[in-house]
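Asks: sequence and predicted structure are below.
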Amino acid sequence: MTQKPHKHKRNTILLLLAVCALLSLGGCGAPSVGGSPERDYEAATALLSEGQYEEAAAKFGELGSYEDSRRMQMYSRAVITAEHGDYETARKALSVLGQFRDAPEMMQYYEVRETEASGHEALTAGDNKTALSLLLGAAEQYHMMPAFRDTLQRADDCLNTLYTRSRELLDAGQYAEARDLFAALGSLNDSAGMRVYCEACLLDASGSSLEAAAKFAEIPNILDAASRAENSRNAVYQQALASSGAGDQETAIALFRSLGAYRDSEEQLKGAVRLLVQDRLQQRDYEGALFWMDQAPDAVSLEPADNGARQLAAPFLDEFVRAYLHFSSGAMDSWSGYYGVLPYVERGGALDRRFIQVTMIGSYSHNSYFQYYGSELLDLFLLDNGCYVAYVRAMASVNQPVGPVEVTRTFRILLQDSGNGLVAQSIEDCLYGEPNPTGRPVVTGPLPGGLLPADEDGDGIIVVDVMKKGFNGTMIIVLDPARVFVGGPGAYGGSGMLLEELVKRYDALGGINGGGFIDEDGGGSGGLPEGLTIVDGKAYHWRDSGASAAFDENNVLHVRYYDEETAAADHIRDCVSFGPALIVDGAAEYGDYMESGINPRTAIGQRADGAVLMLVIDGRQIHSVGANFGDIRDVMLDFGAINACSLDGGSSTVMYYDGEYINSPSSASGTSRYLPNAFLIRK
């Protein structure tokens, strides 16, 4: 609304009257009779320096027009007015004084004092968010005037007031509000530890006892954190015992594993695995039995089979692997291989279904020959209930679309009743070590001499397949790290974008999914990323997450926890967050948590020569069960990474390159979920 002219005039008149009133206070009389004006002026100045503003103003008033007494009186009255809380009138008077003495600094000082007072009022009203903003702002401004009056003491008072309120909120059980205040206070007192304590309390209140215990253990000297860590671990331990007693061994195994070496959790874990393996064998779920044996290899005792069992098993195992290799090679007559396998396979079982799928895949191949060189029974162990575990090495030559390939594979085969030779399940331990049907090079272990595969087309991008025990995936190697950046949907709060949409939005060559996002019950729309995200030069931070994968202005990948302040200090240009860290400054991460979770995985890393490694591992599928964090760490080490970080995995794992998805996502759509961000590759 436009202000009326007479209102401007009225405000001006009021200001002039206020100034005149201040000037007239004490009158315009001559210097005091019977005294020395010089001595009286010095005395008034001394009173002013001592902070006795009322007395100083009176004496300057008595001096009348002597020297600058009138301005000194006005200056004193302005300070008196401010100290009584009328900051606006005081600043107006000080502005009239212009550059007299320290009037400009006093104006700034009382502006901050007014902000501080507003912060205390907000705190009294229970508006913690506003109080935080005002008092932190006041403290920051006080620190910009470190040598002026009592600014440093007032800055400390502002922060200590907020600290006191943080403790009050914590004591009242308002952990989220207390955490936010402690986080804003940074390193003041024990604020950093108190922030972690609040986070642990929130986890504990939500039922995440183990995560809470880990948080409490980080700060054993903060309040009762040490005892609460023990209580939280014990709660998980008791839950695990109860689950095992109720027959829910899978839950018990997960809980005992999460407890690590706590009490007898390791032995309890083995006992639960033994029960679960026996249960799977009784249900003829051989794939499940092998899976749980792998989860805890020391839990199930394998006794070497006698020579009689070996003599019975060896012939039909040789026939089985011959037929299997012939069948899985995708030769033109692969169905004959399938029929050769049938006598050793449960019809309709897991292995039978797997063979049919391989046939469907192999039918796209056009191999002309298959040569079998024989097999060797390496070991045979008695498992339970008439079941044996056999390890067989087989050699063959097949003609793939890229040419003939010599194949040596090792099989782990589960037999039920070695007398009639029924093959219950077979898992391949080793896969191709040479070019495979995709036409891409295959890497199965450390790169010889640390040298990358050749960039055949010279476009600065190398794409290879990764094949390991139990899983496979794809690695994109970007030789120039400046080509790798983070892209996002443009705005947050609604929905994210499919990876192909993000690639098109930035006119990129391809990319992989990036950081995590708020995904309640697995139905998140990718609209709110977790942890620090930096996209297109803008930083977003809704709630904390794990380690960040971030590129700085020199295109160097950093792997650490970042917030806005630390990212700015490191000159970070692009950032996503998820974790855990896999390799940091050449040091690989190890620990029990690295061996948890067999799932689809995504990771990013960087070699010493600057090349960026973008990895996806397929999972939850027959051809690739999935990988844990230790597995992808080892793949990154194979490729010479000196820094690497795990990104969001599971159904979010996806890779898009040159106009198509080149991995096999496990999402419901079979392609991409809606993502909050992605690491993309410039053309």
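Replies: Looks like it arrived, so ask away. Residues are numbered from 1 along each chain as shown.
Asks: A strand includes Ala550, no?
Replies: Yes - applying DSSP: H, G, I helix; E, B strand; the rest coil, one finds Ala550 inside a strand.
Asks: and the residue nearest to it when sequence neighbours are not counted, how far from Gly490?
Replies: Distance criterion C-beta to C-beta, 6 or more residues apart in numbering; nearest residue to Ala550, sequence neighbours excluded, is Cys575 at 3.8 Å. Any C-beta I mention is one placed from the backbone N, CA and C, and that applies to glycine too. Cys575 sits 17 Å away from Gly490, taking C-beta to C-beta, to the nearest Å as the criterion.
Asks: Tyr41 now?
Replies: 67 Å.
Asks: more crowded one of Cys575 and Gly490?
Replies: With neighbours defined as other C-beta atoms under 10 Å, Cys575 and Gly490 compare such that Cys575 has more, 27 against 11.
Asks: three-state assignment of that one?
Replies: Following three-state DSSP, the label given to Cys575 is strand.
Asks: and if you look at Phe485?
Replies: The three-state assignment at Phe485 reads strand, by three-state DSSP.
Asks: who's in contact with it?
Replies: Phe485 makes contact with 506, 551, 573-574, 679-680, 682, according to C-beta atoms under 8 Å, 6 or more residues apart in numbering.
Asks: beta-bridge partners for Gln371, please?
Replies: According to DSSP bridges, Ser397 are recorded as the beta-bridge partners of Gln371.
Asks: and which of the contacts of Phe485 is nearest Leu94?
Replies: Using C-beta to C-beta, Arg573 is the member of these that sits closest to Leu94, with 44.5 Å.
Asks: hmm, the closest one is touching Ala539, no?
Replies: No - with contact defined as C-beta atoms under 8 Å, Arg573 and Ala539 do not form a contacting pair (10.8 Å).
Asks: so Thr408 is in which element?
Replies: For Thr408, the element it lies in under DSSP states H and E is strand 403-416.
Asks: give me the mean pLDDT for that strand.
Replies: Over the span of strand 403-416, the pLDDT mean works out to 74.
Asks: the closest residue to Thr89 other than its chain neighbours: neighbour count?
Replies: Excluding its sequence neighbours, the residue lying closest to Thr89 (C-beta to C-beta, 6+ apart) is Thr81, at 5.2 Å. As a burial measure, the neighbour count of Thr81 was computed by other C-beta under 10 Å and equals 22.
Asks: per-residue confidence for Thr81?
Replies: The predicted structure scores Thr81 at 93 on the pLDDT scale.
Asks: ditto for Leu202
Replies: 95.
Asks: helix/strand/coil for it?
Replies: The local conformation at Leu202, judged by three-state DSSP, is helix.
Asks: what number of residues lie near it?
Replies: Applying the criterion other C-beta under 10 Å, we find 17 residues in the vicinity of Leu202.
Asks: ok, it to Tyr388 distance?
Replies: 51 Å.
Asks: quick check, Arg284 in a strand?
Replies: No - going by three-state DSSP, the assignment for Arg284 is coil, not a strand.
Asks: OK, contacts around it?
Replies: Listed by C-beta under 8 Å, 6+ apart, the contact partners of Arg284 are 346, 416, 424.
Asks: out of those, which is nearest to Cys198?
Replies: In terms of C-beta to C-beta, no member of the contacts of Arg284 lies closer to Cys198 than Ala424, at 52.2 Å.
Asks: quick check: that closest one touching Gln416?
Replies: Yes - Ala424 is within contact range of Gln416, at 4.5 Å (criterion: C-beta under 8 Å).
Asks: quick one, strands of the stretch 501-650 of the chain?
Replies: Under the criterion DSSP state E, counting those that start in this stretch, the stretch 501-650 of the chain contains strands at 508-513, 533-535, 538-540, 548-552, 557-560, 572-577, 581-584, 587-588, 601-607, 612-617, 641-646.
Asks: I'd like the next helix or strand past the last one.
Replies: Looking back up the chat, that one is strand 641-646. Past strand 641-646, heading to the C-terminal end, the next element that is a helix or strand (DSSP H and E) is strand 655-657.
Asks: which residues are contacting whichever helix or strand comes after that next one?
Replies: Remark: after strand 655-657, the chain's next helix or strand is strand 660-661, criterion DSSP H and E. For strand 660-661, the surrounding residues in contact (C-beta under 8 Å, 6+ apart) are 499-500, 654-655, 671-672.
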